[in-house]
Structure formats: C-alpha cells, structure tokens
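Trainee: below: sequence and its predicted model.
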Amino acid sequence: MSIEISENLRKKIEEIKNKFPTGKSPILPLLHAFQDELGYISLEVEEEIANIVGVSPVYVREVSTFYSMFNNQPVGKYHIQVCGNITCWLRGYDEIVEYIKKKLGIDIGETTSDGKFTLSRVECLGMCDHAPVMQINGDFYGDLTFEKIDEILDSLE
Amino acid sequence: MGEKIKITINGKELLATPGKTILQVAEENGIEIPHYCYHPGLPVAGNCRMCLVEVEGARKLQTACSTKISDGMVVRTNTPQVRETVKQVLEFLLINHPLDCPVCDQAGECGLQDYYMVYGQYDPKFIENKNKKSKKATPIGKYVMLDQERCILCARCVRFTRFITKTEELGIFNRGDHSELDVYPGKELNNRYTGNLVDICPVGALTCRDFRFQCRVWYLEEFDSICPGCSRGCNIKIYYNPHRPHKAEGKRVLRFKPRPNLKVNRYWMCDDGRYGYKFIDENRIMYPLLKENGKQSEIYYDEALKKFADYLKENIPDRVIYLLSANSTNEELYVTKKFFVENYELENIFLPAEDIFTGDKDDLLITEDKHPNTNGVKAIFNILYKDFIKLDELREMIERKSISLLIVNRHELLDEVLEYVRENNVKLVYLGTNFNKTAKVADLVIPISVFAEKEGSFINVDKLFQMFTSRLEPLGVSVPEWVLFNNLSEILEYPLSYSSYKTVLKQMISEVVGFKNIDLNNFDKYGEMVEL
Amino acid sequence: MSVKILTKHFGIKDSHKINVYMKNGGYKQAEKALKEMKPEEILEEVKKSNLRGRGGAGFPTGLKWSFVPKDTGKPVYLCVNSDESEPGTFKDRHILEKDPHMLIEGIIITSYTIGANEAYIYIRGEYYPQAIRLQEAIEEAYQKGFLGENIFGTGYKLDLKIYRGAGAYICGEETALLESIEGKKGKPRLKPPFPAAVGLYDCPTVINNVETIADIPTIVEKGGEWFASLGPERNGGTKLFAVSGHVNKPGVYEHEMGYPLMKLINEDAGGILDGLKLKAVIPGGSSVPILRAEECDINLDYDSVMKAGSMLGSGAVIVMSEKTCMVKALSRLIHFYKDESCGQCTPCREGTGWMLKIINRIIAGKGRKEDVDTLYYIAKGIMGHTVCPLGDAAAMPVISFINKFRDEFEYYAINKKSMVE
C-alpha cells in the first residue's frame, strides 16, 4: 500500500535528500517531514521512507519507535505535552496535569473523543526557567497556572 | 603471524596475537569469561555487560569482548568485584525474564540457566511485576518461533540478519526496558539461514519450530558430521535421541546444528541442509527387494547379493551401465572403482550431471550442486564435468549400447527411461538409502546406509577433504557401499578383502593421486586440500 | 559588574539578527581568525584559555581538538551538541534564541581550526521554535558570505546544517548524537575508537557543546590568557548557570567560574520561593549528586564542586526548598532515566525500570524497609557498568539521595507516607 504524497511534502523530501546525502541520515528528517504533514508515522510511512532511503523498513521502524517525538499512533489535532520532570514537578506539575485531565476529561496517553486533544507526559523540555511548562504542537507555554491553561486551551480552535 | 605480545590473565602469563580481544585470548587459553552478546561470527556489540573484567590501570571494569589486548596488560576475571558484577548483571537479565524453565524448550542449553549455576545462586530481590511484552511464542518464519519475554536483547539475531544474511528482517523496536525484538509488522523472516538465529540466541527467545518440544535436550547425544545437502560440506553436529525412541516414533535424528569451521561454513549452515535431516529416518530402504511377477518382495541380504552377482555374471560388462552417486563417500567410490572398473572391467560407469548445476546458489554457503561429493567422484574416477552424462541421454545410450543391466546408485530416472527399461527387459538394480520411483520399479533393490550411519569423507566444492564419523547403527540390513562391494567381490571370486573402513581409507589415500598430500597421522580436523 | 561573554547581547533588541550582531562587532573574530591566524595559533589560544567543555563533562576543549588526526584523507566534521536535555538545563536555549550568530561565529572559527568543511548543529527535536530561529540565522550568515564557499575571500569553505533530534535524551551523549545524525537509533558506541578518530560517517569528528563553541569568538578576540584569568586555575572563563526550582527568579545567569553557589541562589535567583528554607541543591543537572543545604557553601567551578562530592555538570542548578519530598523528587529522576535509557546495556535498561517500580511502590504506600537498600544496591549495580554515562547518570542521583536523605526514604517505606508533606 502506498500513501499519497503532497506536492509540498515531495519538495521537502527532495530537499532532505539533497541536504543529507549520506547513508541513512535522511531518516530522521524524513520522519519529521512526514509527521508534520500526516500527523503520525504509520507503517505505510515507514515503508515509504525505507523506499526513499533504500533500507529495510525494519530500520526505519527501529528509529521511529526509538525517538519519543515520533507518534506511531494518530494523535489529536493538538498534542499537549506536559513536562513531568523534576523542575516542573517542583513547580506544580501534579496539580497542573490533574487540572488538564479534568478539563479535557482524558487521562495521560488519551485523546478526546472529538479528536481535538491528546495529552502526554513528557520529560524535561529545557524550559525549566518557566516551569511548569507544556508544549503544544511545537509551541511552548510556560509559567502555567490554571487560568493560563484555560486561556490557552480555550483559544485553540 | 608476527610478534606475539605478553598478557597476564588471572596471574597466568600468556602470549597472544596483537589485535585480539581479551575474551578471544581467554577463550583460546581455556579461561571462561561469561558472555551473551558476543559471538565470534558477528560484530562486537558490548551490550550484555556479562564479560566485564578487571584490567589493571583502568578506572572501571572493561568489557572483555571489545577490549583489545596490549603488551603487558594484566587482566583479572575472578576477583570478588568481577564476580559480584557478573552476578548482578545476570540478576538484571532475569528480573523481566520468565522463571518457568520447565516449560521452556531452551531449558538444558540456556545461557541464563548455565551462568546462573556458576554466577547466580542469589536470594532474589526482585518482587515487582515483570514487564509484559507483546509477543509470546509467535512464529516469525517457517522455522523460528519468537518469545519476546525471554529475549535478553543481546541483538545477536539482529546483527546476523544485518551483517551475515544482509536481509534485515529483525529489529529492536522501542527503547529502554520496553525494547522488543521483532520482525516488521506483517512480515516474516525471509532468508535461507534462519535456523542459525535459533543457534545464536543464547536464551529461549528464538526457538526452532521443527525441534520445539520434540525432545528434552538432555536426552540427546551428538556426533560430528558433514552436511550432505550441497557441495559446501558444512560441518555439522548430528543430534539424536538414543534413549527414548518410543517417544519419537522411531525417529532417531532430531536436528542438525552447524559446527564452526572457518575454512568452510564459519559458524553457520543453511535451512535446506539443517532441516534436510529427515531422510535419515524416513522412507528408508531397510531390506533388499526382489521383483518377481511384477511385484517386489523382501528377500534376505545374502540372496540379494547372490542375485546381484548373478546379474553381473549373466551380462557382459559392455552391456552394463553403472550410475555413480555424488552422495557416496570417497571410500565407497574408491571400492566401487576397485570392484567395477578394475575387477569387473566395466567401462560404462558414469556420473549423471543432471542436477549438478541447479542454478540455486548464493554468496554465503549454498552451492548449486546439491551433492556433497561430486569432487570425490572427480578425484577418484579422474573424470571431468564434461564427462558427466545427462539423464535424458540415458535412454538413447541404453538403446545404442544394447544395455541389458542398469545399476543405479540413488538416482531418480526419467519416466521414459523406466518405461524403456521395462519394455525391453533391461534388468534394473537400485542401490540406495531411500525409496523413490526408480527404487519402486527396480528388479533388485539393495539398501545402503546413509552418511550418518557410517564413517567416511567428502570433498567439498573448494576441494577440501573432510572426514566424518558416526554413532548411528545402519537401519535394517543396510551397509556402506564399500561393504556391499567387498561382499559382492567375494561371491564373484575376486575378493577385495577389505577388513575395515580404515584399510579402505589407507589404501585410497596412498593410491589416489590427488590425495598424496594427506597425512592421516596429522590430519587437520578442519579438512585438507586435495588436488583434482 | 562581572564580565559577560555569552550574555552580553541578551538585553539588546533583536539580538538574534545578523545586522544587530554585526553592529556589536560580530563576525570580526571569525574574519580575524580566518585571515590572520593559523589553525595551530587558534588551537594554542584555546588551550591557553583553559576552556572546558560546557556540556557537562568539563573536558579541556583545546585538548579535545588536538586529538583530531591530521592528513587522514578523510573529511573532518564538527558537530555542535545542542541536544540540551539534562533536566534543569536550559542555558543553550538562551544562546540559540538570543545570540545564534555568536554560536555560528564560534562554529566558523572552530571548523577552520580543526580543518572541517562541514559542521552540524544537532538540536533536540523539542526545540522547534529555536531550530527555526537558528535556521534563519544560518541563512543570514550564508547571505553575508560567512558560510559557504570562499569565506572572507580566504578560499575557506564551510557548510553548516541543522540536524533535528526527535526526543531522546541519550542523543546528548556524543556517540549517540553521531548515530542519530547517521539516521540511526541513538545507541551510544563503544569507545575506543573515540570520535576524534572515528566519528561521524567514520570520519574524524569534534563534538562540542553550544556554550563551549559560543565562547570561542571571545577567546580569539581577547586571547586565551585573558579567558583563563577569569576563573580559578584550570577553570577558565565564565559559565552560564541555569537556576530553576524553588527560587523566586529562575533563569540563566552568567558568571566567572568559581562564583559562589549561595550567592547565585540568593542574589541572582532572588532567594527561595515563599521565603522557605533551602533543603537541597542539585548543582549541575539532574545526573549529579545532590547537596544538602549545609553543603552548598561552595564555589561553582569544576574542581570545587567535585571536591564537595558533586559535579558542575551542565551548570544547571536545581533548587529545592524544605517542603520538597525527596522520595517523590527522586522518583521523577528515576522515571526520567528509565524513559531515556536506550535499552542497549543490561544494567541500565533493567536497573532503571526496576528502581522505578520500587520507588513508585514506596510512594503508593506499599514500601518495605529493605526497599531502600535494594534501590541502593541496584544503583551500585548500574554504576560504572554501562557503555555510556547514562547508567552512571541514573545511578548517581539514587546513591546520593539515599546517602543524604536516607531517613526520609526509610520513613516513607515504613510509614507509607512522606516525612515532609
């Protein structure tokens, strides 16, 4: 089975192949590019990347399941990743994550039934000066309070 | 070889070749260093951490598998610190490993069990729930079963598919303690060497679907042999069950495993050869058969020999064809030559070339000639490939030469030949180990023992002369061909008088020109090169 | 007013833009280095500077560069480690956001010195906005001719590429980083061979932290001796300290090596939150041994922190007030290392998971007194027995937390509740 590749993604693939011509180096950038476009890394994506790079799909899957940022399952439109590491915990992770769970009605690792939000706990995001923090689809939100969470989540379409 | 350097292991001074690792030098000198991920046929991974040893001057314990020796290096493998560390690494390996050895097929040849007896024996501290993995006893290929919970992630199998077969079917997915060995979803092992994965798996994660639960390994006995599956001549061990044949429906041999020989097969063998063992116990010709009134029935061996002798006397050699087998041992071929060529003065003695060039071969071990000893025929009969006949020329030859007796050693003749033979009253004698269509229509069938039931030698594709032994009794009244022809020669009153296999071997070595470099008193167990 | 090297542009508007950077003297040092200095001369200055790797290990930078073999016929690579994933560490992020050109200028000089024509910045995948900013900066530098062919008309060529990680702490380990750029799982390599000889694509490679490289233009400008004069002996220069946790003003503060820890906490970071008392500090990122409050009267340089029984590490100072439950705090760290273990070596893979199960059981009120000893036993079994330092990083916090707060652990295990909360 093959997947449909948009013009934009096709262009990105070419750029990546030109930028990282050596060996298997294109694999991570390709996984990023496909995930940006398709939301997650399906088996078809792994096989497509394996074809592009000329390796066994096993190889691509080893990589896609090793790195925590690659989703091997579909995620919601907004992927909320709350840092649960030491500093964020010192600054109130437990309360923050409980609040989000209650607000969205989902547990960690779950997606809201409308497919809008997925909630994950992640490790240190390198934003400890703004603990507690979360990242939603690449954007950081720090110094979280209940009010701030309301504001952020309510503003997401 | 170059200069050797001095290294001390456990107080013992040793001379070793530079470039080797501590583990290699230790093994060469009989010092055991426990290990799982290291395998001499694979690139070093250094991940299991069982081979940590003390190296004087190093801040931390070093992995013996990856640490190259240096001149004056002082290594200790038996200090309390090393033992304590190995014990703890083993404990780590066991925390998520099921402790249900009685139901595991690997029991008895499991690396975890073996080292536990030496380095384990601790009060278990682990009281938590074990991690669950997704695949329990799931087939991942025709011959291989995967049980992820038993996997210790040494990655030998992954390296095998990555570096040896280069087929890359196996990977370790996810990370940390949720790492899982697996094939790609929806795919399975797709190479011709999968049995080796079972061999190199040090635990019960990869087991053999053919062998699983057939027999507890401690009931097995073994002996060294050579795989007869193709002209590579892979060195093997034959495992058989002498104690409980009633449990195996009379099957004696339960598996082949490769035996390392760096000149031939390194550490591996192909699946065709490995799982091709079944002919040893199945469909065997046990007793001679004589066809009378169109029906074959069993006769005594002596009668059969006499009948064979009668045939030979009744037909003049010009009207007899003998079809040699490249499955015969050198010693058998040698006596065949003595008997038929030198004494009976047979000229029509041929090796059919039909299946020598099958085209089925690869870059690793598999050769296209599916016989173990074509080069033996060439050496002993001094013939070249161009002299081999084709089975589809046989009918024409029988007709042209007015052949009246056709002796076939193991071959399957074409239907048109069988038909011609029947219609023209050509006597057909079949010498063989297993039934085939030809055996079933032959006028006289005489059983011969299979390679695993006799001592002998083969010459492989690279002209390597390799000897093998046996610990199996021939089935029924079958005997090695050299015995058969020796006995026949007595009936025909030109006795060859070989008293034993050894006498055949010695005479053959001294007479066959290509074997002149072989010294039986100083024979390399990994084989000797001969000239063809 | 103490000397600022790395943060000197942080207050300037649009400090990340090339024209702002150049207006403040930017790229002058790269030009000087390429036009007026021989690689050996730069190396000599860096050696003299006593600059030690800012990623955490503190290895002398000049010495590291000098390990690159000459004339192997293979290309030499520079890989800049911007994987910054050690919990509590966020200093490099500030450089990436506020002064990416200082980093790029450092990369040009470093690459020229070690003979590299291709450099990679390996940036952790989560730093997505930072990667975009950095990419913009790189493009600006290409446009100005500071990257690409014939830089400053000297004939020297350098290509600089960003390689994004994807969520794996282990890729901050230098050989795992190389594996990752090669498109593989971040599994640390066995050493030897060391990356200086066999690194990226099997070629000689230098791997340096962002902060280390950002120091280079200043060392070229002011000389190694000047840089070395900033800190105590063998600890040259200034350092970015990332203060987080229970302080009023978490943030990045630049000081000369040897700056007092308590001053950093009380003055720069505004003291302990809510006026509480200090309980403990992890002075160099989550992997290093924790210090009790009474042990914190130390200076922040590699040797002094080492003498106090911990490590300066990445300079990430994690501050904990008296209200912190050490059992729960440690559970966060164990959770982290368990999640981030690559799974290659037995002790780290199995040991971190085991430790997490125990500490979670203690927190769930199902502890036993002997659990504390078992935790300690497991940590000791991991320590020093793995391919890469992640094993040690996972073990050290456990060992030090138990050494310093054993009573709290035993209390929790026996009484099924926190001694503090």
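Mentor: Received, thanks. A quick note: this is a predicted structure, and the numbers were derived from the prediction, not measured. Numbering: from 1, shown residues only, chains lettered A, B, ... in the order given.
Trainee: quick check: domain ranges of chain A?
Mentor: Residue ranges for each domain of chain A read A:7-66, A:78-155, as given by automatic domain parsing.
Trainee: can you redo those as a markdown table with mean pLDDT?
Mentor: What follows is those, written out as a markdown table (pLDDT from 0 to 100):
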| stretch | mean pLDDT |
| --- | --- |
| domain A:7-66 | 97 |
| domain A:78-155 | 97 |
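Trainee: of the ones you listed, which is nearest B:Arg76?
Mentor: When those are compared by C-beta to C-beta, domain A:7-66 sits nearest B:Arg76, at 36.3 Å. Bear in mind the C-beta positions are built from the backbone N, C-alpha and C, glycine included.
Trainee: give me the residue at the spatial middle of the chain.
Mentor: All of this is about chain A. With distances taken as C-alpha atoms, centre = their mean, the residue of chain A nearest its centroid is A:Met69 (4.8 Å).
Trainee: I was thinking of chain C, sorry if that wasn't clear
Mentor: Short answer for chain C (C-alpha atoms, centre = their mean): C:Gly55, at 2.8 Å.
Trainee: for chain B, what's the nearest residue on the stretch 151-300 of chain C?
Mentor: Chain B sits closest to C:Leu190 of the stretch 151-300 of chain C, with a gap of 4.6 Å, by C-beta to the nearest C-beta.
Trainee: my guess is that residue contacts B:Val44, does it?
Mentor: Yes - judged on C-beta atoms under 8 Å, C:Leu190 makes contact with B:Val44 at a distance of 7.1 Å.
Trainee: now stretch C:225-238: average pLDDT?
Mentor: For stretch C:225-238, mean pLDDT is 92.
Trainee: C:Asp297: what's it in contact with?
Mentor: C:Pro260, C:Leu261, C:Met262 (C-beta atoms under 8 Å, 6 or more residues apart in numbering or on different chains).
Trainee: tell me the buried residues within the residues you listed.
Mentor: C:Pro260, C:Leu261 (16 or more other C-beta atoms under 10 Å in any protein chain shown).
Trainee: distance check, the closest residue to the residue nearest to the centre of chain C other than its chain neighbours against C:Asn81.
Mentor: Distances taken as C-beta to C-beta, 6 or more residues apart in numbering or on different chains put C:Asn209 closest to C:Gly55, at 3.4 Å, once the chain neighbours are dropped. Distance of C:Asn209 to C:Asn81, given as C-beta to C-beta, to the nearest Å: 5 Å.
Trainee: the two - which one has more neighbours?
Mentor: More neighbours surround C:Asn81 than the other of C:Asn209 and C:Asn81, with 27 against 24 (other C-beta atoms under 10 Å in any protein chain shown).
Trainee: who's in contact with the helix or strand containing that one?
Mentor: In the assignment (DSSP states H and E), C:Asn81 maps to strand C:76-82. Strand C:76-82 is contacted by residues C:55, C:68, C:92, C:96, C:103, C:107, C:110-111, C:114-124, C:127, C:172, C:174, C:177-178, C:181, C:199-201, C:203-210, C:213 when judged by C-beta under 8 Å, 6+ apart.
Trainee: please name the strands paired to that strand in the sheet, noting orientation.
Mentor: Sheet pairing of strand C:76-82 (DSSP bridges) gives strand C:116-123 (parallel), strand C:205-209 (parallel).
Trainee: assess the claim that B:Trp340 and B:Tyr322 are in contact.
Mentor: For the record, residue B:340 is Phe, not Trp. Yes - between B:Phe340 and B:Tyr322 there is a contact under C-beta under 8 Å: 5.6 Å.
Trainee: quick check: neighbours shared by these two?
Mentor: B:Leu346, B:Ile349.
Trainee: for the strand holding C:Asn81, the distance to its chain's centre please.
Mentor: 14 Å (C-alpha atoms, centre = their mean, to the nearest Å).
Trainee: and for stretch B:384-396?
Mentor: 29 Å.
Trainee: contacts (any at all) between chain C and stretch B:56-67?
Mentor: Yes - Stretch B:56-67 reaches chain C (C-beta under 8 Å from any C-beta of the partner chain) through B:Lys60, B:Leu61, B:Thr63, B:Ser66.
Trainee: what about B:Pro185, neighbour count?
Mentor: For B:Pro185, using other C-beta under 10 Å, the count is 11.
Trainee: hmm, I was thinking of A:Ile41
Mentor: Neighbour count for A:Ile41, taken as other C-beta under 10 Å: 24.
Trainee: all helices for the stretch 101-250 of chain C, in order.
Mentor: Ranges of helices in the stretch 101-250 of chain C, per DSSP state H, counting those that start in this stretch, are C:128-143, C:174-181, C:210-222, C:224-228.
Trainee: is the second one anywhere near chain B?
Mentor: No - Helix C:174-181 stays clear of chain B (C-beta under 8 Å from any C-beta), getting no nearer than 11.2 Å.
Trainee: what's the spacing between that helix and its chain's center?
Mentor: Centre-to-centre, helix C:174-181 and its host chain are 15 Å apart (C-alpha atoms, centre = their mean).
Trainee: quick check, it touching chain A?
Mentor: Yes - legend: contact between helix C:174-181 and chain A by C-beta under 8 Å from any C-beta is shown at C:Ser180, C:Ile181.
Trainee: about what we covered before: can you list the domains of chain A in a markdown table and add distance to chain B?
Mentor: Formatted as a markdown table, the domains of chain A follow (distance: least, C-beta to the nearest C-beta, whole Å):
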| stretch | distance to chain B |
| --- | --- |
| domain A:7-66 | 4 |
| domain A:78-155 | 12 |
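Trainee: if we can go back for a sec, what sits in contact with each of C:Asn209 and C:Asn81?
Mentor: In contact with both C:Asn209 and C:Asn81: C:Gly55, using C-beta under 8 Å, 6+ apart.
Trainee: helices of the stretch 251-400 of chain B, start to end?
Mentor: B:271-274, B:301-314, B:330-336, B:374-381, B:391-400.
Trainee: quick one: mean pLDDT for the shortest one?
Mentor: In other words, helix B:271-274. On average, helix B:271-274 scores 98.
Trainee: up against chain A, what does the stretch 1-150 of chain C have?
Mentor: So the stretch 1-150 of chain C meets chain A at C:84-90, C:92-93, C:124-129 (C-beta under 8 Å from any C-beta).
Trainee: filter those to the buried ones?
Mentor: Buried among the residues of the stretch 1-150 of chain C next to chain A (16+ other C-beta under 10 Å): C:84-90, C:92-93, C:124-128.
Trainee: filter those residues down to the ones near chain B?
Mentor: The overlap between these and the neighbours of chain B (C-beta under 8 Å from any C-beta) is empty.
Trainee: include pLDDT when you put those into CSV, please.
Mentor: CSV is the format used below for those (pLDDT from 0 to 100):
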residue, pLDDT
C:Glu84, 96
C:Ser85, 93
C:Glu86, 94
C:Pro87, 96
C:Gly88, 96
C:Thr89, 96
C:Phe90, 97
C:Asp92, 97
C:Arg93, 97
C:Arg124, 97
C:Gly125, 97
C:Glu126, 97
C:Tyr127, 97
C:Tyr128, 96
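Trainee: taking these, tell me the two that lie furthest apart.
Mentor: C:Gly88 and C:Tyr128 (20.6 Å).
Trainee: quick check: neighbours shared by C:Leu190 and B:Val44?
Mentor: B:Ser66.
Trainee: what does the stretch 251-400 of chain C have sitting close to chain A?
Mentor: C:251-252, C:282, C:286, C:316, C:318, C:320, C:324, C:328-329, C:332-333, C:335-336, C:339-340, C:342.
Trainee: return only those of those residues found close to chain B.
Mentor: C:Asp339, C:Glu340, C:Cys342.
Trainee: now the buried members of those.
Mentor: Here the buried ones among those, as counted with 16+ other C-beta under 10 Å, turn out to be C:Asp339, C:Glu340, C:Cys342.
Trainee: now, those residues that are in helices?
Mentor: Applying DSSP state H to those, the entries found in helices are C:Asp339, C:Glu340.
Trainee: right, and the helix or strand after the helix or strand of chain B with the lowest mean pLDDT?
Mentor: Least confident helix or strand, chain B: helix B:391-400 with a mean of 90, by mean pLDDT, DSSP states H and E. Following helix B:391-400 in sequence order, the next helix or strand is strand B:405-409 (DSSP H and E).
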